[in-house]
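> Pasting the sequence and the predicted model now:
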Amino acid sequence: MNIHPDAVKTSETWKRVVCAIGSLALVTVLVVIEASHLRAHITVGNLDFFGMAARVNLLPGTLSAWVNGFYPVGIPLLLRLGVAVGLDVVRSGQIASTFGGVLCLCGGGLLAWYLTRSRAMALLTMAYLLTTGTILFYSGFEGTDMLAAGLQVLALGVLARDPRDRRIVMLAGFVNGLGYLIRYTALVMLVTCLAYLLTMALYHRERKELWTVLVYSAGFLLGALPQTIPSLLVKGNPFYQTQAYHIWIKLYADSDFVRANWQKPPVRITLWELFWLDPGRFVANWWHEFRQFWYTVRVPLLDQPLAQLAKAGFLFAALDARRLSGEYRALLSFFVVGMVGVLSIFNIDTRFLISLVPVFTVCALYFLWRIVPSRIVLGRIRLPVSLLVLVALLGPLLRISWEFAHRGEGGPHAATIETSNILHAAGAQTAGEVLSTNLYHHDVASPTRDRFGVLYQIQAPPTVDDLRQVALESGYRFLFYDSSGGAEYYPQYEKLLQPENCSTGFTPIWVAEDRAFVAYRLEPDEPSPQVAARVDLTGGISLLGYDLVISEDQPVGTGSRVGLYLYWQTTDPLTESLKVFVHLFDVQGDLIAQHDSVPALWTYPTYLWEVSEKIVDFHPLVFNE
C-alpha cells in the first residue's frame with residue numbers, strides 16, 4: 001500500500017505537536033507539584049544557602065565581591081534579581097531550583113529522543129523523572145543543586161543531538177558554562193566532554209573534528225564569563241576556587257564542621273598540593289568513594305523499580321552496539337564514568353550526582369524497552385508490549401508525586417519561624433543581635449533571611465557569666481541555647497537550660513516546657529528601663545519602668561505580638577509567690593490578649609528575690625488584628 005507523502009508529513013507534524021504538548025504538560029505538573037509542596041515554606045533549609053544569600057548585598061560593592069572560592073556568582077545574582085522584584089531569597093532560590101527541575105526534565109527527554117528516536121520514550125523519561133524523589137526534592141530545595149544539575153543535563157541533551165555539528169557543540173558548551181556560574185562542578189563536565197570530543201576526533205581520524213574541542217571550550221568560556229572575568233582580574237586565575245579545602249576537611253579533620261578547626265588547613269590549598277600531602281591516603285579515599293558508588297546502594301538516586309535496573313541498564317546501553325551508535329555509547333560512558341570518577345575525589349554526595357538521574361533513567365527504560373518484546377500481534381491487533389510495560393511500571397510511582405505535592409514542609413521550619421517571631425517580639429531588630437546554637441536559625445522577616453550569629457563564630461569562654469560579657473561586647477543582645485547543638489558542643493553552658501539556676505543578667509524570653517531550649521535577652525550589669533515609670537506597690541515591691549515592643553508575625557497576616565519587659569525591685573524580703581497579670585485591650589475596651597505568670601516566665605518566684613535586686617520580667621502577648 002502506497003502512502004501519500006503529504007499524509008506522512010501530516011502524521012509527523014501531529015506527532016511533534018502531541019510530543020510538545022505532552023512535554024509542556026509534564027513540565028507544568030512539576031511546577032504545580034513544587035508550588036503546592038512549598039506553599040508555606042518560607043525558611044532556609046539548606047545551610048550552604050546562607051553563604052550565597054549573604055552575598056546579595058555585597059555584589060554592587062566591588063569586583064572582588066563577585067569572586068568567592070566556595071560559591072560562584074550565579075545564585076547570588078539570581079537572588080539579587082528576585083529581591084529587586086519583591087521576592088525574598090527563599091522564594092527566589094526555590095524558583096531557581098524548580099527551573100532547574102524543568103531543565104532536568106527537558107534535558108532527559110532530549111537525551112532519550114536522540115538515543116532512541118522515540119517520542120514515546122522521551123515522554124516516558126520525563127514522566128519517570130517527574131515521579132523520582134530526588135528530582136522532586138531538589139527541585140524545591142533552595143541552593144545550587146538542582147539548577148546546576150538541570151543545566152548540565154540540558155547541555156548533555158543538546159550535545160547528544162550531533163557531537164560533530166560545531167553549532168550544536170558551541171551551544172552545549174555555552175549551557176555548561178552557565179552551569180559553572182551556579183556550581184564549580186561544571187568543570188568536571190567540561191573535562192569529561194572535552195575528553196569525549198577529543199576521543200571521537202581521534203577515533204574518526206578527522207582533523208576537522210578536533211575543532212569541536214576548541215568550539216566546546218569557547219562556548220563554555222562564553223557562558224561562564226560573569227565568573228571567569230572577575231576571577232581573572234581579582235585572583236589572576238579565571239577558574240579560581242577553593243574546593244580542595246573541603247577535601248582536606250574530609251581527609252584530615254576527622255570531624256564535623258562545628259568541631260573542626262577551620263583555620264588549620266590553608267583555604268587556598270590546591271588539589272595538586274593536597275595530593276602530595278599524602279598520595280596514598282588521597283588515592284585510597286578516591287578508590288573507596290568510586291567503588292562505593294558501583295558496589296553499594298548508598299546513593300539511592302532513583303526509586304524502585306528503576307533503582308535496581310539503573311546500573312545494569314547503563315552497562316547494557318554502553319555495550320548495545322546493535323542499536324546504539326558508538327558516539328552515543330561513548331557519550332554515556334564518558335559522562336557517567338567521568339562524573340563519578342572525578343567527583344569521587346571529593347565525596348560521593350547525592351547533590352553532586354543529580355545530573356546522573358536522567359541518564360540512569362534513560363538507560364533503565366532503554367534496557368526494559370530492548371529486552372521486552374516490542375509488539376505482540378493478536379489477529380488484527382498489534383500491542384506495543386514494551387511501551388505498555390513501561391507505562392504499567394510508571395503507575396505505582398505516581399503516588400510519589402501525589403504524596404509530595406500534598407505534604408507541606410514542616411518540622412524544623414515551623415520552629416525557625418516561631419523563634420524568629422518571638423525574638424522580634426522580644427526586641428531583636430536584626431539577625432546580628434542574636435547568638436544561637438541552632439545552625440538553621442535566621443531572621444524570617446528579612447528578605448535576605450539573615451542568619452543569626454552562631455556560637456562557634458566567637459571564642460567561647462569557659463563560664464556562663466563570661467559568655468554574657470563576650471556576647472555583649474560582640475554586639476549580641478539575645479542568646480538561644482538548646483540541648484542538641486548547645487549542650488552537645490558547648491556543655492560548659494548547660495546551666496542555661498535551667499533558667500531557675502541562671503546568673504543575673506539573663507532574662508528568659510522563651511522557655512521550652514521540657515527544657516529542650518531556652519532563649520534569653522542578655523542584660524548589662526545595671527539594666528534600666530526604656531520608659532521610667534516608678535510605681536510603689538504594697539509589700540515592698542516597686543515597678544521601676546518597662547520596655548514595650550510591638551512586632552508583626554511571619555508569614556505576614558498571621559498575627560502580631562507585644563513584648564513587655566517589666567523592671568521590678570523589692571525593698572523588703574518577700575515570703576510568698578506573687579503572679580503578674582498582663583492584659584491587652586483594644587480601643588473598644590475588649591480584652592484581646594493576656595499573659596499571666598510568675599516573674600521571669602515562671603522561673604524566678606518573688607520569695608527568692610533579694611532586697612534591692614533589680615529583676616527584669618518578660619511577658620509575651622499574641623493577638624490578631
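Yep, it's here.

> so where do the helices sit in the stretch 301-450 of the chain?
Taking DSSP state H, counting those that start in this stretch as the criterion, the stretch 301-450 of the chain carries its helices at 306-319, 326-343, 356-371, 385-405, 412-425.

> Just want the angle from the third one to helix 326-343.
Same thing as helix 356-371. With axes from the mean of the first three to the mean of the last three C-alpha atoms, to 10 degrees as the basis, helix 356-371 and helix 326-343 are set at 140 degrees to each other.

> so how far is helix 356-371 off the chain centroid?
28 Å (C-alpha atoms, centre = their mean, to the nearest Å).

> Quick one: mean pLDDT for it?
Per-residue pLDDT over helix 356-371 has a mean of 90.

> Give the buried residues for that helix.
356-370 (16 or more other C-beta atoms under 10 Å). From N, CA and C alone the C-beta is placed, and that goes for glycine too.

> again, but for the second one
The neighbour-count criterion (16+ other C-beta under 10 Å) identifies 327-336, 338-340, 342-343 as the buried residues of helix 326-343.

> now the angle between helix 306-319 and it, please.
Angle between the axes of helix 326-343 and helix 306-319 is 130 degrees (criterion: the same axes, to 10 degrees).

> thinking again about what came up before, nearest to Arg281 among the helices of the stretch 301-450 of the chain would be which one?
helix 326-343 (18.0 Å; C-beta to C-beta).

> From the rest of the structure, what touches that closest one?
Applying C-beta atoms under 8 Å, 6 or more residues apart in numbering, the contact partners of helix 326-343 are 114-115, 156, 159-160, 163, 185, 188-189, 191-193, 195-196, 199-200, 203, 289-290, 293-294, 314, 317-321, 348-349, 352-353, 355-356, 359-360, 363.

> Buried ones among those?
By 16+ other C-beta under 10 Å, the contacts of helix 326-343 give 114-115, 156, 159-160, 163, 185, 188-189, 192-193, 196, 200, 289-290, 293, 314, 317-318, 348, 352-353, 355-356, 359-360, 363 as buried.

> Share the number of residues neighbouring Leu214, please.
15 (other C-beta atoms under 10 Å).

> check which helix or strand covers it.
According to DSSP states H and E, Leu214 maps onto helix 211-223.

> how about that helix: buried residues?
Within helix 211-223, the residues that count as buried by 16+ other C-beta under 10 Å are Trp211, Thr212, Val213, Val215, Tyr216, Ser217, Ala218, Gly219, Phe220, Leu221, Gly223.

> Isn't the fourth one up against Ile168?
Right, Val215. No. Using C-beta atoms under 8 Å as the test, Val215 is too far from Ile168 to be in contact (9.4 Å).

> rewinding a little: closest one of the buried residues of helix 326-343 to Thr13?
Of all these, Thr13 sits closest to Tyr328, with 26.4 Å by C-beta to C-beta.

> And the strands in the chain?
376-378, 381-383, 434-436, 453-454, 478-482, 506-511, 517-522, 531-537, 541-552, 560-570, 580-585, 591-597, 614-623 (DSSP state E).

> looking at these, which is closest to Gly395?
Gly395 lies closest to strand 381-383 among those, at 17.2 Å (C-beta to C-beta).

> which non-adjacent residue is nearest Phe480?
Distances taken as C-beta to C-beta, 6 or more residues apart in numbering place Ser436 nearest to Phe480, at 4.1 Å, with adjacent residues excluded.

> Might you report the residue contacts of that neighbour?
Neighbours of Ser436 in contact, by C-beta under 8 Å, 6+ apart: Thr419, Phe452, Gly453, Val454, Leu455, Leu479, Phe480.

> Low-confidence stretches in this protein?
Regions of the chain meeting the criterion pLDDT under 70 cover residues 1-11, 253-267, 296-300, 304, 373-387, 396, 406, 408-412, 625.

> which one's the longest helix in it?
Secondary structure assigned by DSSP state H gives helix 5-37 as the longest helix of the chain.

> Check which helices and strands that one sits against.
helix 89-116, helix 119-130, helix 133-138, helix 385-405 (3 or more C-beta pairs under 8 Å, 6 or more residues apart in numbering; DSSP states H and E).

> Just the CA atoms of the shortest one, as CSV, please.
What it means is helix 133-138. Extracted C-alpha coordinates of helix 133-138, given in CSV (Å, rounded to 0.1, in the frame of the first residue of the first chain):
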residue,chain,number,x,y,z
GLY,A,133,12.0,11.5,44.7
THR,A,134,15.5,13.0,44.1
ILE,A,135,14.2,15.3,41.3
LEU,A,136,11.1,16.3,43.3
PHE,A,137,13.0,17.1,46.5
TYR,A,138,15.9,19.1,45.0
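
> could you say what helices and strands that helix packs with?
helix 5-37, helix 89-116, helix 145-161, helix 385-405.

> Hey, what's the angle from the last one to helix 119-130? Just curious.
When the same axes, to 10 degrees is applied, the directions of helix 385-405 and helix 119-130 differ by 30 degrees.

> Kindly report the same for the first one.
An angle of 0 degrees separates the directions of helix 5-37 and helix 119-130 when computed by the same axes, to 10 degrees.

> Compare the helices and strands packed on helix 5-37 and report which one is nearest to Phe174.
Closest to Phe174 of the helices and strands packed on helix 5-37 is helix 89-116 (C-beta to C-beta; 13.7 Å).

> Any idea how far the closest one is from the middle of the chain?
16 Å.

> what angle separates it from helix 356-371?
Following the same axes, to 10 degrees, one obtains 30 degrees for the angle between helix 89-116 and helix 356-371.

> what helices or strands is helix 89-116 leaning on?
helix 5-37, helix 47-53, helix 74-84, helix 119-130, helix 133-138, helix 145-161, helix 356-371.

> Can I get these in JSON lines including distance to Tyr240?
As requested, the helices and strands packed on helix 89-116 are arranged in JSON lines below (distance: least, C-beta to C-beta, whole Å):
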{"stretch": "helix 5-37", "distance to Tyr240": "34"}
{"stretch": "helix 47-53", "distance to Tyr240": "16"}
{"stretch": "helix 74-84", "distance to Tyr240": "15"}
{"stretch": "helix 119-130", "distance to Tyr240": "34"}
{"stretch": "helix 133-138", "distance to Tyr240": "27"}
{"stretch": "helix 145-161", "distance to Tyr240": "18"}
{"stretch": "helix 356-371", "distance to Tyr240": "27"}
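
> Nearest to Leu397 among those helices would be which one?
When these are compared by C-beta to C-beta, helix 119-130 sits nearest Leu397, at 7.0 Å.

> Please put the alpha-carbon coordinates of that closest one into CSV.
C-alpha atoms of helix 119-130 as CSV (Å, rounded to 0.1, in the frame of the first residue of the first chain):
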residue,chain,number,x,y,z
ARG,A,119,8.9,10.4,21.2
ALA,A,120,7.1,7.9,23.4
MET,A,121,10.4,7.1,25.2
ALA,A,122,11.2,10.8,25.6
LEU,A,123,7.8,11.5,27.2
LEU,A,124,8.1,8.4,29.4
THR,A,125,11.5,9.5,30.5
MET,A,126,10.2,12.9,31.5
ALA,A,127,7.2,11.2,33.3
TYR,A,128,9.5,8.9,35.2
LEU,A,129,11.7,11.9,36.2
LEU,A,130,8.6,13.6,37.4
